[in-house]
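Visitor: The following block contains a protein sequence and its predicted model.
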Amino acid sequence: MPDPDNSEWQQIEDSPLLALHPHFLSTDGASRLHDALDNEIEWESPTLRLYGRQHTIPRSQCWMGDSDARYRYSGRTFQPRSWHPLVERLRDRVQRSLRAHDLPVTEFNSVLLNRYASGEQRMGWHSDDEPELGENPIVASVSLGSERPLRFREKAGAVRGAFNVWLPHGSLLLMGPGAQTRWQHALAPRAIEGSRINLTFRRIV
Ligand SMILES: O=C(O)CCC(=O)C(=O)O
Ligand SMILES: [Fe+2]
């Protein structure tokens, strides 16, 4: 069997870099990880303040990482939960793959896990550009479960129209330095069945 991580990196945009490894994890490995995280993570749907109003987020999430990697998000501070061993192993594997393929990489000290129970659950337009992430953050995103598109749009100047990046079960998407400055991204609701878990590895500086 060839190693499923034997390249297959695809460049979606070159500057700033967006790159996708559609089969970063084997189908079976991704399914096992999805089910383990589904059961073992303490998923929460916190209430966030958005434009002055309180909303329960339309998904559930868990913030995880090193104990000093605190994170402010929509007016709330999140203390990370300690690393789940499978998530820590996944982080190491993500870093190894990026390094092995000479892609932008950092020591990820935290991860935001999001769980979308069905196609109705979603995440609105945003960039991962909180001050805690420093300038030009590198974000690496693993997707498990139902394949859904992440939509990108220009923040300024609309050089090109919005575009979708479909994120298959077991894929790894790299948003390289500068990607958060140029684009916003969103996970729109879609008539797609089944749950999806996404992990975005980040470095809090
Ligand atoms: O679920 C996704 O693929 C997107 C998650 C995301 O954008 C984030 O966690 O910041
Ligand atoms: Fe994001």
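Guide: Structure received. Numbers count the residues shown, from 1 in each chain. Ligands and ions are numbered 1, 2, ... in the order given.
Visitor: Tell me, please, where in the chain the pLDDT is lower than the cut-off.
Guide: Along the chain, the model assigns pLDDT under 70 to residues 1-7, 73-74, 158.
Visitor: and it, which residues reach ligand 1?
Guide: Remark: the part of the chain in contact with ligand 1 comprises Leu112, Asn114, Met123, Asp128, Ser141, Ser143, Leu150, Leu167, His185, Leu187, Asn198, Thr200, using Cβ under 6 Å from any ligand atom. C-beta here means a position set from N, CA and C on the backbone, and glycine is covered the same way.
Visitor: Scan those and report the most crowded one.
Guide: Of all the residues of the chain next to ligand 1, the most densely surrounded is Ser143 (29 neighbours; neighbours counted as other Cβ atoms under 10 Å).
Visitor: ok, the host helix or strand of that one: who's next to it in the sheet?
Guide: Here Ser143 is covered by strand 139-145, with elements defined by DSSP states H and E. Strand pairing for strand 139-145, using DSSP bridges, gives strand 171-175 (antiparallel), strand 196-202 (antiparallel).
Visitor: by contact count, what packs against the helix or strand that that strand is followed by?
Guide: As assigned by DSSP H and E, the chain's next helix or strand after strand 139-145 is strand 148-154. For strand 148-154, the contact count by 3 or more Cβ pairs under 8 Å, 6 or more residues apart in numbering; DSSP states H and E identifies strand 163-167, strand 183-187 as packing neighbours.
Visitor: Give me the contact list for the last one.
Guide: I take that to be strand 183-187. Under the criterion Cβ atoms under 8 Å, 6 or more residues apart in numbering, residues 116, 122-127, 148-155, 175, 198 lie in contact with strand 183-187.
Visitor: swap in the first one?
Guide: Judged by Cβ under 8 Å, 6+ apart, the contacts made with strand 163-167 from elsewhere in the structure are 12, 18, 20, 141, 143, 147-152, 173, 198.
Visitor: For that strand, buried residues please.
Guide: For strand 163-167, the buried set under the neighbour-count rule, 16 or more other Cβ atoms under 10 Å, comprises Val165, Leu167.
Visitor: cool, and stretch 131-138?
Guide: Neighbour count says stretch 131-138 has Glu132, Leu133, Pro137, Ile138 buried, by 16+ other Cβ under 10 Å.
Visitor: if we can go back for a sec, is it possible to get JSON lines of the contacts of strand 163-167 that adds distance to His34?
Guide: Conversion of these to JSON lines gives the following (distance: Cβ to Cβ, whole Å):
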{"residue": "Ile12", "distance to His34": "24"}
{"residue": "Leu18", "distance to His34": "24"}
{"residue": "Leu20", "distance to His34": "18"}
{"residue": "Ser141", "distance to His34": "15"}
{"residue": "Ser143", "distance to His34": "10"}
{"residue": "Glu147", "distance to His34": "12"}
{"residue": "Arg148", "distance to His34": "14"}
{"residue": "Pro149", "distance to His34": "18"}
{"residue": "Leu150", "distance to His34": "17"}
{"residue": "Arg151", "distance to His34": "22"}
{"residue": "Phe152", "distance to His34": "24"}
{"residue": "Leu173", "distance to His34": "16"}
{"residue": "Asn198", "distance to His34": "11"}
